[in-house]
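S.K.: whatever this is, show me its structure:
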Amino acid sequence: MSVLFPKVNKPREWDYRPIYFDKEKEARKDKKLARLHRGAFREEHEKNMTEFRRKKQSRLLWLLIVLGMLVFTFWVLL
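M.R.: Next up is the predicted model:
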């Protein structure tokens, strides 16, 4: 311990931040918590995979239609 400069702790500062109620933020928080339940990740994955398969089938259908139109056009022109 120092004789000339004794250690004196500073008093704690007042750090008050008021908390305001925000309806939208609470709604987002509740919605997020509602999504996080047991099996939620599996459900999201299955939903994404079914959407992916549907898009893939749609692209395949359009590809077959365009291919058929090209074959028909070459057959008519030749």
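
S.K.: so where's the longest helix in the chain?
M.R.: Using DSSP state H, we find that the single longest helix of the chain is helix 40-77.

S.K.: what about that helix, average pLDDT?
M.R.: The average pLDDT within helix 40-77 is 93.

S.K.: got it, and stretch 21-29?
M.R.: For stretch 21-29, the per-residue pLDDT averages 90.

S.K.: which positions in it come out as buried?
M.R.: For stretch 21-29, a neighbour-count test (16 or more other CB atoms under 10 Å) marks nothing as buried. C-beta coordinates here come from the backbone N, C-alpha and C atoms, glycine included.

S.K.: so W14 versus V66, what's the distance?
M.R.: Remark: distance between W14 and V66 (CB to CB, to the nearest Å) = 71 Å.

S.K.: looking at those two, which is more packed in?
M.R.: Comparing W14 with V66 by neighbour count (other CB atoms under 10 Å), the higher total belongs to V66, at 10 against 5.

S.K.: picking that back up, quick one: distance of the longest helix of the chain to the chain centre.
M.R.: A distance of 25 Å separates the centroid of the chain from that of helix 40-77, by CA atoms, centre = their mean, to the nearest Å.

S.K.: same question for stretch 32-46.
M.R.: For stretch 32-46, the distance to the chain centre is 12 Å (CA atoms, centre = their mean).

S.K.: likewise for stretch 4-18?
M.R.: A distance of 43 Å separates the centroid of the chain from that of stretch 4-18, by CA atoms, centre = their mean.
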